[in-house]
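*Asks:* What follows is a protein structure lacking sequence information:
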C-alpha cells in the first residue's frame, strides 16, 4: 500500500499488518507473537476493517462470527479497497468499542474458510461526533476507574475506591473532572464506558469471555426460543451467586444469531434515540436501585441489565424473554412473573453478587 | 498479581535504561505505553517515574520513540494525578512541539493529549494562538482522523473568539506549524 492516510476506504498506514517482533527478551514474550505497536484511544474504534475474507460469498457467516462479540450496527463490503486476489474486504461497525476490541483480538489472524483474516481498527470511518463520543467515553471510564468524579447524584453506588471494574451502566449520569471542561460537553449524553484494557485480566471478565466464545454457544443461539429453553444449561457459570453478565454480553445475547441474514441488515442507526431512551431508563434505575436495594453490597455493583429498545417488537419480546429467564436463574426463589413486552419501563431486580 | 505487576514494570524500565539496543528500547517503550492505557497500572507507573520517561522521550531524535512516548502520555493523561504531574513538569510545551512531527500518530496523540490536559489553569497554554491556528489547518486535512480530532479541539475546547483570531492570523501569516507528511 502507498501508505497515505486518506479518507475512509483507502489504505491507511494504521491498517498495515506489521511483522511480529522476533527479538523480544524472554521475560516479556507474550503468548502470541505480536508486533511492536502502541494502541491509543485514537487508534481504537468501533469500526473494524477485515481483510483476507475469501471471495466465496461468505458475508453472512463472517458477520455471524463477529456478532459473537457484540451487537453490530452496520456492515458492508468495501469494494474499492485494494484486496489480494480472491479475497474481499469488509467493514463492520460495532455498537460498542469494547466489543470491537474483543472481536479484533479474537478474530485477527484467525483462519476463516481457509483464509487468514487480518482485522484492524478503522477510526477513519468515524464521524466527528463518533470520535467525540469515543473520547468522552474514555474520559468517563478513567474518571470512574480512578474514582475521580464529582457526582451530582446524591445516592451513590457503593463500591471499592479504585478498581478498573466492568462498565456500569447506572453510574453517575454525568461526570465532571473540571468545571471548565464540563461547560464544553453535554452532561446528558453518556454511554457506557469501556471496561477491558490491553494488559490486564479480570477473572470474572475472563469467565464471561469464555462464555462468549465457547463452541456450544452457537448451537444454543440457533433460535431464540431454543435459547430460552436451554438457558439454564448455557449459563451454569452465571448461576452461582446469580450475577448479571456485563452489559456487552447482554447486548450480544439480544442479537439473535440465527439464520436469516436480514437480522443483520444495516439498520439506520437511531443512536441518539436509543441513547436517550437508555439514559432516561438509567437515571431512574440509578435512583431506584439505591432505594430498592436492601442487601449489603460488597464489592463493586455489577451493571443492571440495560433496557434496550430494539425498535422491533419481536426483538423486544425476545430480549424481554431472555432477561426474564436470566432473572429466574439469578434469583434462587422466583417471585416475579414474566413481564409483558409492553412494559419496557419495568426493570428486573438483580441480585448483587459478592465479588471475590 | 499486584506484586508481580510492579516487578514486571520495574524490569521493563530497567531494561530500557540499561540496553544499548534500539530495537529493545522501542519494544519496551511500546510495552510501557500500552500499559499506560490501564488505570490499574498508574500507581506503579508513577512510582517508577515512567511519566518522566515519556516526557523525556519527546525530545529524542528517533521518530519511533517519540511516537510511542506520545502515545503513552495520551493513554495516561486523563487521570487527575497524572494530569497534574504532567502540567507541573511543564509537559505542555514538548507536547505542543509534537504537533509539528511528520509522524501522523505522534501528531494525533498530541492533539488528543492537549485536549485531555486542558484545565482552567492550563487552558491558556493548551489553547494558545499558535496551537489554535495549527488546529485550524489540521481541521482541513484530508486525513479524516486528524481533521476529526482538530474539529473537536476547536469546537469543544476553544471559544469562538479564539478561533476567529486564529483564522485572521492565518490569513496574514505564512509561518506556522506544518502539516504532518504522510
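*Replies:* Good, I have the coordinates. All figures in this text were calculated on a predicted structure; none of them were measured in a lab. Numbering: from 1, shown residues only, chains lettered A, B, ... in the order given.
*Asks:* CA atoms for contacts and neighbours, from now on please.
*Replies:* Will do.
*Asks:* show me what contacts the residue nearest the centre of chain B?
*Replies:* Central residue of chain B (C-alpha atoms, centre = their mean): residue B:110, 3.6 Å from the mean position. Applying C-alpha atoms under 8 Å, 6 or more residues apart in numbering or on different chains, we find residue B:110 in contact with B:70, B:74, B:95, B:96, B:98, B:99.
*Asks:* Test my guess that the fourth one contacts residue B:131.
*Replies:* It stands for residue B:96. Yes - with contact defined as C-alpha atoms under 8 Å, residue B:96 counts as touching residue B:131 (7.3 Å).
*Asks:* what about these two, which has more around it?
*Replies:* residue B:96 (23 against 19; other C-alpha atoms under 10 Å in any protein chain shown).
*Asks:* Tell me if the helix or strand residue B:171 falls within is near chain A.
*Replies:* Residue B:171 belongs to helix B:160-172 when assigned by DSSP states H and E. No - applying C-alpha under 8 Å from any C-alpha of the partner chain, one finds helix B:160-172 separated from chain A by no less than 12.5 Å.
*Asks:* tell me the mean pLDDT over that helix?
*Replies:* Helix B:160-172 shows a mean pLDDT of 88.
*Asks:* same question, stretch B:95-115
*Replies:* For stretch B:95-115, mean pLDDT is 97.
*Asks:* Just the terminal-to-terminal distance for it.
*Replies:* Across its full length, stretch B:95-115 reaches 11 Å between end residues, using C-alpha to C-alpha, to the nearest Å.
*Asks:* Could you give me the buried positions within that stretch?
*Replies:* Of all the residues in stretch B:95-115, those buried under the rule 16 or more other C-alpha atoms under 10 Å in any protein chain shown are B:95-96, B:98-101, B:103-115.
*Asks:* The residue nearest to the centre of chain B and residue B:28: what is the separation?
*Replies:* Distance from residue B:110 to residue B:28, counting by C-alpha to C-alpha: 21 Å.
*Asks:* just residue A:128 next, same as before
*Replies:* Residue A:128 is 33 Å from residue B:28, where distance means C-alpha to C-alpha.
*Asks:* Now tell me what touches the helix holding residue B:171 from outside.
*Replies:* Against helix B:160-172 from outside (C-alpha under 8 Å, 6+ apart): B:129, B:130, B:132, B:133, B:136, B:154.
*Asks:* pLDDT for those residues - can I get that in JSON lines?
*Replies:* Shown next, in JSON lines, are those (pLDDT from 0 to 100):
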{"residue": "B:129", "pLDDT": "95"}
{"residue": "B:130", "pLDDT": "95"}
{"residue": "B:132", "pLDDT": "97"}
{"residue": "B:133", "pLDDT": "95"}
{"residue": "B:136", "pLDDT": "96"}
{"residue": "B:154", "pLDDT": "97"}
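*Asks:* between those, which is closest to chain A?
*Replies:* residue B:154 (11.0 Å; C-alpha to the nearest C-alpha).
*Asks:* show me what contacts that closest one?
*Replies:* B:132, B:135, B:136, B:163.
*Asks:* Turn those residues into JSON lines, including secondary structure and neighbour count.
*Replies:* JSON lines is the format used below for the contacts of residue B:154 (DSSP: H, G, I helix; E, B strand; the rest coil; neighbours: other C-alpha atoms under 10 Å in any protein chain shown):
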{"residue": "B:132", "secondary structure": "helix", "neighbour count": "23"}
{"residue": "B:135", "secondary structure": "helix", "neighbour count": "27"}
{"residue": "B:136", "secondary structure": "helix", "neighbour count": "20"}
{"residue": "B:163", "secondary structure": "helix", "neighbour count": "19"}
